[in-house]
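>>> sequence first, then the predicted structure:
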Amino acid sequence: MSVINIFTDGSSRGNPGPGGYGVILKFGDKVKEISDGFRLTTNNRMELMAVCVALENLNTNKYPVVVHSDSKYVIDSITQNWVFGWQKKGFKGKKNKDLWLRYLSLHSQFNLSYVWVKGHAGHPENERCDELAYQAATNNPTKIDTVFETDENDESLF
């Protein structure tokens with residue numbers, strides 16, 4: 001059976017600091033790389049944003065999708081169903097509400113499964129995503145992570 005594989009990584013140089021994400025989408029012999037950077041953000045935001053951007057770049061939901069990430073924050077929050085509990089409680093006391101809502105608006109559109117990969121352990125796609133994220137974070141990014149820079153705890157934003 002055909003599967004779409006997504007590989008993601010996030011980076012911040014300081015936490016918070018300049019940050020970036022890297023994504024690889026693979027389907028058969030087709031490969032697409034995506035990355036972007038922000039002037040001020042956190043590592044967890046970039047890890048989660050990478051997954052959101054990857055899903056937003058899929059043009060079909062016809063095939064199962066496997067998300068590979070070295071982020072325990074992202075993988076455990078989803079596979080342990082924590083994010084769904086946070087959603088029921090309005091994300092009270094939780095960070096990155098904007099990105100979790102973005103993820104939740106996407107996840108039901110796909111047949112998703114998740115694989116945690118050990119970071120910096122020689123996994124080719126994870127190493128490449130790390131490189132993309134690092135380059136995006138260190139290439140003097142000027143893009144603004146608006147919610148993070150305004151006040152991610154301001155409930156009036158949503």
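Thanks, I have it. Numbering: from 1, shown residues only.
>>> now do the strands in this protein.
Ranges of strands within the chain are 4-12, 17-27, 30-41, 65-69, 112-116, based on DSSP state E.
>>> which one of the ones you listed is the most hemmed in?
strand 4-12 (a mean of 26; mean count of other CB atoms under 10 Å). The C-beta positions use only the backbone N, C-alpha and C, and glycine is treated the same way.
>>> just checking, what packs against that one?
Applying 3 or more CB pairs under 8 Å, 6 or more residues apart in numbering; DSSP states H and E, one finds that strand 4-12 makes contact with strand 17-27, helix 43-56, strand 65-69, helix 124-138.
>>> for the ones you listed, give me JSON lines that also has mean pLDDT and distance to R102.
Converted to JSON lines, these look like this (pLDDT from 0 to 100; distance: least, CB to CB, whole Å):
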{"stretch": "strand 17-27", "mean pLDDT": "97", "distance to R102": "13"}
{"stretch": "helix 43-56", "mean pLDDT": "98", "distance to R102": "5"}
{"stretch": "strand 65-69", "mean pLDDT": "98", "distance to R102": "15"}
{"stretch": "helix 124-138", "mean pLDDT": "97", "distance to R102": "18"}
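>>> so which of these is nearest T146?
T146 sits nearest to helix 43-56 of all the helices and strands packed on strand 4-12, at 11.4 Å, using CB to CB.
>>> show residues contacting the closest one.
With CB atoms under 8 Å, 6 or more residues apart in numbering as the test, helix 43-56 has contacts from 6, 8-12, 15, 19-23, 25, 34, 36, 38, 65, 67, 69, 71, 73-74, 95-96, 99-100, 102-103, 106-107, 109-110, 129, 133, 137, 145, 148.
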